[in-house]
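J.: what shape does this take:
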Amino acid sequence: MSDLFIAGSKSRRCRPLYLGLWLLLGILTGCGGGGGQQRSPILSSPKPTPPLTFKPHYTSAFIFSTKFAQLAVNDTMAYHADAMYQTSPTEGSTQDVTNQATWSTSDASVATVNDAGMVTAIRTGSATITASFAGLVGTALVVVNQKPTIVVGVDSPVLDTLSLSFFGTNHPEFSAAATYPDGSKLDATGFAAWTADPSGILKFWKDYTYQGGIATLVAVGKTTVTAKLRTGETGTLVVTVVP
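T.: Next comes the predicted model:
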């Protein structure tokens, strides 16, 4: 009985050891079993997309004259050409391309133009001056010895009744369009002398260099706005200022 008891005691002591070995074997088998079949494959990193390269380029061309393009016969006027150069998707600059542009005229019997953009008036009429550069084209109109009709208007809104409360600190902008007998038109706004009579209703900015026709409303009333060209032609508009 004693031996049986002792034998039974040994069996109980070994049982936890056997179980521990079996558990350890199972864990090892689960981690390493199957060889490389259960290992996650190593994914290759995608090749980075090369950044888009921006190529600087010219986007537009313009022609400017130094004065109102209304000439007498034998008068000359210098034109210059500018081109917008895009240096990046968000930045650009304006470059003078007068000497690089190719100059031409639509009617050499009315006005000629040389390689430097100098226009010479030949006879009465109108001609379109063109500057071509880098596939871009800019144009301007020159009118020779024609008397225009001047039409005066108000921009934003196109009204002859202006409200002090509507404009507030904003300023109405008057425009002068010169229309010639042959149908040609020129924007004379920046080249006209602007006055209002009586002057106490609105006043024009005398020191505004680059664009004429900008006014300030002063008081309620009615006044006559006049735009006068240096060649003597005038246009008028009666304006009523309300509260």
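
J.: hmm, T94 is touching T87, no?
T.: No - counting by Cβ atoms under 8 Å, T94 sits too far from T87 to count as a contact (11.3 Å). Every residue, glycine included, has its C-beta placed from N, CA and C.

J.: what are the buried residues along the lengthiest strand in the chain?
T.: Identified as the longest strand of the chain according to DSSP state E is strand 76-86. Within strand 76-86, the residues that qualify as buried by neighbour count (16 or more other Cβ atoms under 10 Å) are 77, 79-83, 85-86.

J.: who does it pair up with?
T.: Its sheet considered, strand 76-86 pairs with strand 57-65 (antiparallel), strand 92-96 (antiparallel), strand 118-121 (antiparallel) by DSSP bridges.

J.: now S165. Its backbone dihedrals?
T.: S165 adopts backbone torsions of phi -70, psi -30, taken as degrees, to the nearest 10.

J.: residues near it, how many?
T.: Applying other Cβ atoms under 10 Å, we find 8 residues neighbouring S165.

J.: pretty sure it contacts L217?
T.: No - under the criterion of Cβ under 8 Å, S165 is not in contact with L217, lying 9.9 Å apart.

J.: burial count for the closest residue to A178 other than its chain neighbours?
T.: Using Cβ to Cβ, 6 or more residues apart in numbering and skipping residues adjacent in sequence, the residue nearest A178 is P148, 3.8 Å away. Each residue near P148 was counted by other Cβ under 10 Å, and the total is 21.

J.: cool, and A134?
T.: Per other Cβ under 10 Å, the neighbour tally for A134 reads 13.

J.: can you check V151 too?
T.: 16.

J.: got it, and the one 10 residues further on?
T.: Here the count is done by other Cβ under 10 Å, and T161 has 13 residues near it.

J.: what residues are bridge-paired with the nearest residue to it once chain neighbours are set aside?
T.: Distances taken as Cβ to Cβ, 6+ apart put T240 closest to T161, at 4.8 Å, once the chain neighbours are dropped. When assigned by DSSP bridges, T240 has beta-bridge partners T161, K222.

J.: distance of T240 from I214?
T.: 19 Å (Cβ to Cβ, to the nearest Å).

J.: again, but for S175
T.: Per Cβ to Cβ, S175 is found 10 Å from I214.

J.: these two: which has the busier surroundings?
T.: Neighbours were tallied for S175 and for I214 using other Cβ under 10 Å; the higher tally belongs to S175 (21 against 15).

J.: the more buried one contacts G212, correct?
T.: No - using Cβ under 8 Å, S175 is not in contact with G212, being 9.1 Å away.

J.: tell me, what's touching those two both at once?
T.: T189 (Cβ atoms under 8 Å, 6 or more residues apart in numbering).

J.: nearest to T112, of the strands paired with strand 76-86?
T.: strand 118-121 (5.0 Å; Cβ to Cβ).

J.: quick one: contacts of that closest one?
T.: In contact with strand 118-121 (Cβ under 8 Å, 6+ apart) are residues 65, 71-79, 105, 110-113, 129, 142, 144-145.

J.: kindly recompute the last result at 10 Å.
T.: Strand 118-121 is contacted from outside by 65, 69-79, 98, 103, 105, 108, 110-114, 127, 129, 140, 142-145, using Cβ atoms under 10 Å, 6 or more residues apart in numbering.

J.: filter those down to the buried ones, ChimeraX style.
T.: Selection of buried members from the contacts of strand 118-121 for ChimeraX, criterion 16+ other Cβ under 10 Å:
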select :65,69,70,71,77,79,98,103,105,110,111,112,113,127,129,140,142,143,144,145
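
J.: in strands, which of the contacts of strand 118-121 fall?
T.: 65, 70-71, 76-79, 103, 105, 111-113, 127, 129, 140, 142-144.

J.: nice, that's everything, thank you.
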